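Undergrad: pasting the sequence and the predicted model now:
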Amino acid sequence: MANIHALDPSASPLDYYGWELRRQREAACLKQGQLGEIIFCTGSLIGQIETTKKLPTRDFSERVDAALGTGGMFSRLIGLVLRSQLPAWFQPYADMEAKATYISTYQAQVVYGLLQTEEYARAVLATGMPDDLENQVAARMERQRILEREHPPLLWVVLDEALLHRPIGGRDVMRRQLLRLLEFADHRWMRIQVLPFAAGEHASLDGSFTTMRFDSDPDIVYTEDIVSGHMTASPDTVKEAALRYAHLQATALSVEESAALITRVMEECYGDRPRPEERAVA
């Protein structure tokens, strides 16, 4: 008799997903290989996901829902599964980010996570030498789905010019990352400004920070250090952050000037100028 790996569905979202996948498959009287044939993957992959050895993807979840007629259950579960792969200290921030109606952020070192390409995110996350790099990349990409909502949060981003010149992942990765920023230039829910080198000293020399607003909860300010993140709803801190951000916005280039600078850096540093047809309109 085959050795059936026991799962505790209450242990984690990933365990619940695997347990439910096995339950629904068996209810449909399908072996792993048979389900794999239906959704164009191997039976081995089905087994690995059922036993939490492999992280499911959103595409996999949608195909399982279609094959098993589960009414979108796995497509709903996958968001929880992927979010659970974020570092434990970061998950509270991700939860609040998903609820925010307005996000304003200043980034001094790297492009804001919601705007990163997958390959740029992989290069950034790899610097922490995680054992589960691909899972963390998938989780970061899942965060970006809030921008695809019918009514996404209003997002105002100020990027330090320095991060445009930092070739994370190499020239090709950076070219495509800067092109992605330009694709967001016409997004109705988003504004991107660049704080130029010429600004000299400015209101946030201490580093990056993010402020989030909500429909009914107090505003929150979020900062990170080398090993963890910190959120506070202290009115004094929120007020100070708002003042600093207003100074950053006033000092930064306009949205149009920022797009022009990003284009110039992409051409001069990474050897390419975006063609008109590459500029997607959101």
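TA: That came in fine, so what should we check first? Numbering: from 1, shown residues only.

Undergrad: and residue 158, that one's in a strand?
TA: Yes. With DSSP: H, G, I helix; E, B strand; the rest coil as the criterion, residue 158 is assigned to a strand.

Undergrad: surely it is in contact with residue 250?
TA: No. Residue 158 lies out of contact with residue 250 (C-beta atoms under 8 Å); the separation is 10.4 Å. Every C-beta, even on glycine, is put in place using the N, C-alpha and C of the backbone.

Undergrad: more crowded one of those two?
TA: When residue 158 is set against residue 250 and neighbours are counted by other C-beta atoms under 10 Å, the residue ahead is residue 158, at 25 against 9.

Undergrad: quick one: residues contacting residue 54.
TA: 45, 48 (C-beta atoms under 8 Å, 6 or more residues apart in numbering).

Undergrad: ditto for the one 4 residues further on
TA: Applying C-beta under 8 Å, 6+ apart, one finds that residue 58 lies in contact with 75, 78, 82, 142.

Undergrad: please apply the same query to residue 130.
TA: residue 136.

Undergrad: relative to residue 216, how far out is it?
TA: 35 Å (C-beta to C-beta, to the nearest Å).

Undergrad: do residue 108 as well
TA: Applying C-beta to C-beta to residue 108 and residue 216 gives a distance of 31 Å.

Undergrad: neighbour-wise, which of these two wins?
TA: The neighbour comparison of residue 108 against residue 216 (other C-beta under 10 Å) goes to residue 108, with 18 against 6.

Undergrad: ok, the more buried one touching residue 163?
TA: Yes. Between residue 108 and residue 163 there is a contact at 7.0 Å, judged by C-beta under 8 Å.

Undergrad: below-threshold pLDDT in this protein: ranges please.
TA: Across the chain, the ranges flagged by pLDDT under 70 are 1-5, 272-282.

Undergrad: now for the helix or strand harbouring residue 104, which elements pack on it?
TA: Using DSSP states H and E, residue 104 falls within strand 102-107. If contacts are counted by 3 or more C-beta pairs under 8 Å, 6 or more residues apart in numbering; DSSP states H and E, strand 102-107 sits against strand 154-160, strand 209-213, helix 235-251.

Undergrad: show me what the second one is packed up against.
TA: Counting contacts by 3+ C-beta pairs under 8 Å, 6+ apart, strand 209-213 packs against strand 102-107, strand 220-224, helix 235-251.

Undergrad: direction included, what does that strand pair against?
TA: strand 102-107 (antiparallel), strand 220-224 (antiparallel) (DSSP bridges).

Undergrad: tilt between it and strand 154-160?
TA: With axes from the mean of the first three to the mean of the last three C-alpha atoms, to 10 degrees defining the directions, strand 209-213 sits at 170 degrees from strand 154-160.

Undergrad: what's the answer for the last one, then?
TA: Comparing the axes of helix 235-251 and strand 154-160 via the same axes, to 10 degrees yields an angle of 70 degrees.

Undergrad: I'd say residue 74 and residue 16 touch.
TA: No. Counting by C-beta under 8 Å, residue 74 does not reach residue 16; the two are 10.8 Å apart.

Undergrad: more crowded one of the two?
TA: Higher neighbour count among residue 74 and residue 16: residue 74, with 24 against 19, using other C-beta under 10 Å.

Undergrad: how about the nearest residue to the more buried one, chain neighbours excluded?
TA: Excluding its sequence neighbours, the residue lying closest to residue 74 (C-beta to C-beta, 6 or more residues apart in numbering) is residue 61, at 4.0 Å.

Undergrad: can I get the helix or strand containing that neighbour in CSV, CA atoms only?
TA: Element membership of residue 61, judged by DSSP H and E, is helix 58-68. Below are the C-alpha coordinates for helix 58-68, written out as CSV (Å, rounded to 0.1, in the frame of the first residue of the first chain):
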residue,chain,number,x,y,z
ARG,A,58,-2.2,31.1,-9.7
ASP,A,59,-2.3,29.5,-13.2
PHE,A,60,-2.3,26.0,-11.6
SER,A,61,-5.1,27.0,-9.3
GLU,A,62,-7.3,28.4,-12.1
ARG,A,63,-6.8,25.2,-14.1
VAL,A,64,-7.6,23.0,-11.1
ASP,A,65,-10.8,25.0,-10.4
ALA,A,66,-11.8,24.5,-14.0
ALA,A,67,-11.0,20.8,-14.0
LEU,A,68,-12.7,19.9,-10.7
